[in-house]
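Novice: fold the following and give me the result.
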Amino acid sequence: QVQLAESGGELVQAGGSSRLSCDFSGRNFGSFGMAWFRQAPGKGREFVAGVNWNGRNTIYADSVKGRFTISRDNVKNTLLLQMNTLKPEDTATYYCAADRRTTLSISRYEGDYDYWGQGTQVTVSS
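Specialist: Alright, predicted model coming up:
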């Protein structure tokens, strides 16, 4: 049984930084592809960033490229998202997701992810 638990959501001013964590409970975290998605009020869920099972490959949405960094610690079973230069349009509920396929590629498609956390709220004030 896999469970994901996000933390770190907060209210932050535009231009500031914040870091989200996702704790993975279950077996074989190191074999899962992991990703962050987000959902703003009134909008669909969108891909933010992803990392493959060994952490060597990462991909980002164009809207966050250069500002956000995804990383993982396969010893601590933790996924991180460092967010810098935050903008009001980054306001959303952020979800971590796990893809049980062990591949070098990373999917941007939410249907490829098997497990989801409950989400954590990030609010960026202008």
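Novice: pLDDT score assigned to the residue nearest the centre of the chain?
Specialist: In the chain, the centroid-proximal residue (Cα atoms, centre = their mean) is Trp36; its distance is 2.1 Å. Here the pLDDT value assigned to Trp36 is 98.
Novice: contacts only, for it.
Specialist: Shown here is Trp36, whose contacts under the criterion Cβ atoms under 8 Å, 6 or more residues apart in numbering are 20, 22, 48-50, 70, 79, 81, 94-97. In short, each C-beta sits where N, CA and C put it, glycine included.
Novice: mind checking pLDDT for the residue nearest to it when sequence neighbours are not counted?
Specialist: Taking Cβ to Cβ, 6 or more residues apart in numbering, and ignoring the residues beside it in sequence, Trp36 has Val48 as its nearest neighbour in space, at 4.3 Å. With respect to pLDDT, Val48 has a value of 98.
Novice: likewise Gln1?
Specialist: According to the predicted model, the pLDDT of Gln1 comes to 89.
Novice: from the chain's centre, how far out does stretch 102-114 sit?
Specialist: Remark: stretch 102-114 is offset 13 Å from the chain centroid, using Cα atoms, centre = their mean, to the nearest Å.
Novice: count of residues packed around Arg56?
Specialist: The burial count assigned to Arg56 is 8, neighbours taken as other Cβ atoms under 10 Å.
Novice: is it in a helix, a strand, or coil?
Specialist: coil (DSSP: H, G, I helix; E, B strand; the rest coil).
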